[in-house]
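Engineer: Predicted model, plus sequence, below.
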Amino acid sequence: MNIVVLVKYVPDAQGDRSFEADNTTDREGVDGLLSELDEYAVEEALTLVESGDGEVTVLTMGPDDAAAAVKKGLQMGAHKGVHVCDDALAGSDAVATSLVLAEAIRKLGQVDLVLTGLASTDGSMSVVPAMLAERLGLPQVTFASELSVDGSTLTARRDDESASLTVEASLPAVVSVTDQINEPRYPSFKGIMAAKKKPVETWSLADLGVDVAQVGLDASWSPVTAVEARPPRSQGEVVTDEGEGGKALAEFLASRKFV
Ligand SMILES: Cc1cc2nc3c(=O)[nH]c(=O)nc-3n(C[C@H](O)[C@H](O)[C@@H](O)COP(=O)(O)OP(=O)(O)OC[C@H]3O[C@@H](n4cnc5c(N)ncnc54)[C@H](O)[C@@H]3O)c2cc1C
């Protein structure tokens with residue numbers, strides 16, 4: 001089974017994130033890394049291939065530095081990587097991103113399963129998997145928290161607060177997975193060394209036959225028009241118990257309509 005895992009390179013949420021004058025993310029000012037939620041998709045792909053046969057390809061679209069996301073996937077155990085990198089891509093929204101990723105998947109040829117994270121930890125739109133499925137004409141299963149494949153049938157569990165659904169889809173399919181699905185492995189020393197020899201291809205928009213007029217900030221259907229930092233959280237109210245603590249607490253909760 002050939003599995004493609006989409007891995008996004010995002011600014012590290014631990015650092016101070018900032019934006020450029022055109023409201024795009026300042027990617028120079030903060031270190032980046034593989035979006036943590038995508039590690040679950042890489043892990044699931046590796047597990048599926050290890051229990052059968054096939055190959056895992058990690059695919060990213062992003063600036064030069066995004067090669068680090070591919071590298072991490074290879075260190076975890078993926079077999080090969082593809083990095084779509086082109087200056088014209090800067091500022092692309094989810095619609096443009098899904099177009100480029102769909103063309104890259106088509107170029108890869110025989111793909112049985114496309115796995116993605118639940119959402120990227122920067123834009124966190126959670127729409128790229130659905131857009132991809134539409135563009136590729138494939139079944140989509142989102143928010144999978146358990147996955148198995150038998151022949152050409154995929155079975156997934158989707159959990160919400162009141163029920164768990166088990167759904168089936170025929171392969172090839174596009175599936176996004178949650179952080180409940182597995183425990184991603186850490187790259188071993190052997191994995192880190194082996195990753196250095198694994199093949200990585202870098203594709204431009206011309207390689208994919210995508211017109212530059214369809215991507216980038218100017219072509220984006222949903223540009224960010226304003227960004228402002230949230231005010232820091234104010235300190236909570238401290239209720240000191242001097243005999244009337246319970247009453248004060250109840251009054252506080254009632255004033256906020258919690259009880
Ligand atoms: C304030 C703000 C500013 C932004 N500025 C920029 C910017 O300057 N430049 C920019 O590119 N984007 C920027 N974005 C994010 C932009 O909207 C997303 O990159 C969009 O392209 C895809 O949305 P997403 O990553 O949130 O997708 P989601 O739908 O949340 O992603 C779901 C999954 O799809 C896959 N995926 C998504 N994108 C990629 C990718 N590029 N490569 C590989 N896999 C992927 C991953 O597996 C991910 O887990 C910004 C977002 C916000 C809110």
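Structural biologist: In hand now; what should we look at? Residues are numbered from 1 along each chain as shown.
Engineer: Straight-line length of stretch 101-115, end to end?
Structural biologist: Distance between the two ends of stretch 101-115: 12 Å, counting by CA to CA, to the nearest Å.
Engineer: buried ones in it?
Structural biologist: By neighbour count on 16 or more other CB atoms under 10 Å, the buried set for stretch 101-115 is 101-105, 107-108, 111-115. Heads up, the C-betas are built off the backbone N, CA and C, glycines and all.
Engineer: So which bits of the protein are right by the ligand?
Structural biologist: Proximity of the chain to the ligand (CB under 6 Å from any ligand atom) is limited to residues 6-8, 24-25, 35, 37-38, 41, 60-62, 91-94, 97, 116-117, 119-120, 122-129, 224, 227.
Engineer: lowest average confidence, helix or strand, in the protein?
Structural biologist: helix 245-255 (a mean of 90; mean pLDDT, DSSP states H and E).
Engineer: Would you mind writing the CA trace of that helix as PDB?
Structural biologist: Taking C-alpha atoms only, helix 245-255 is exported to PDB below (Å, rounded to 0.1, in the frame of the first residue of the first chain):
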ATOM      1  CA  GLY A 245     -15.900  30.900  51.400                       C
ATOM      2  CA  GLY A 246     -18.600  28.500  50.100                       C
ATOM      3  CA  LYS A 247     -21.200  31.300  49.800                       C
ATOM      4  CA  ALA A 248     -18.700  33.700  48.100                       C
ATOM      5  CA  LEU A 249     -17.800  30.900  45.600                       C
ATOM      6  CA  ALA A 250     -21.500  30.200  44.900                       C
ATOM      7  CA  GLU A 251     -22.200  33.900  44.400                       C
ATOM      8  CA  PHE A 252     -19.200  34.100  42.000                       C
ATOM      9  CA  LEU A 253     -20.400  31.200  40.000                       C
ATOM     10  CA  ALA A 254     -23.900  32.400  39.900                       C
ATOM     11  CA  SER A 255     -22.800  35.900  38.700                       C
END
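Engineer: Run the chain-centre distance for that helix.
Structural biologist: The chain centroid and the centroid of helix 245-255 are separated by 42 Å under CA atoms, centre = their mean, to the nearest Å.
Engineer: Go ahead and name everything in contact with it.
Structural biologist: 237, 239, 241, 259 (CB atoms under 8 Å, 6 or more residues apart in numbering).
Engineer: about what we covered before: let's see which of the residues of the chain next to the ligand end up in strands.
Structural biologist: 6, 60-61, 116 (DSSP state E).
Engineer: Please, which helix or strand holds the closest residue to A102 other than its chain neighbours?
Structural biologist: Take A102 and drop its neighbours on the chain: the residue closest to it by CB to CB, 6 or more residues apart in numbering is R135, 3.9 Å away. Secondary structure from DSSP states H and E places R135 in helix 128-136.
Engineer: Quick one: list the elements packing against that helix.
Structural biologist: helix 94-108, strand 113-116, strand 140-150, strand 173-177 (3 or more CB pairs under 8 Å, 6 or more residues apart in numbering; DSSP states H and E).
Engineer: In JSON lines, list these along with distance to L217 and mean pLDDT.
Structural biologist: JSON lines is the format used below for these (distance: least, CB to CB, whole Å; pLDDT from 0 to 100):
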{"stretch": "helix 94-108", "distance to L217": "9", "mean pLDDT": "97"}
{"stretch": "strand 113-116", "distance to L217": "23", "mean pLDDT": "98"}
{"stretch": "strand 140-150", "distance to L217": "27", "mean pLDDT": "97"}
{"stretch": "strand 173-177", "distance to L217": "25", "mean pLDDT": "98"}
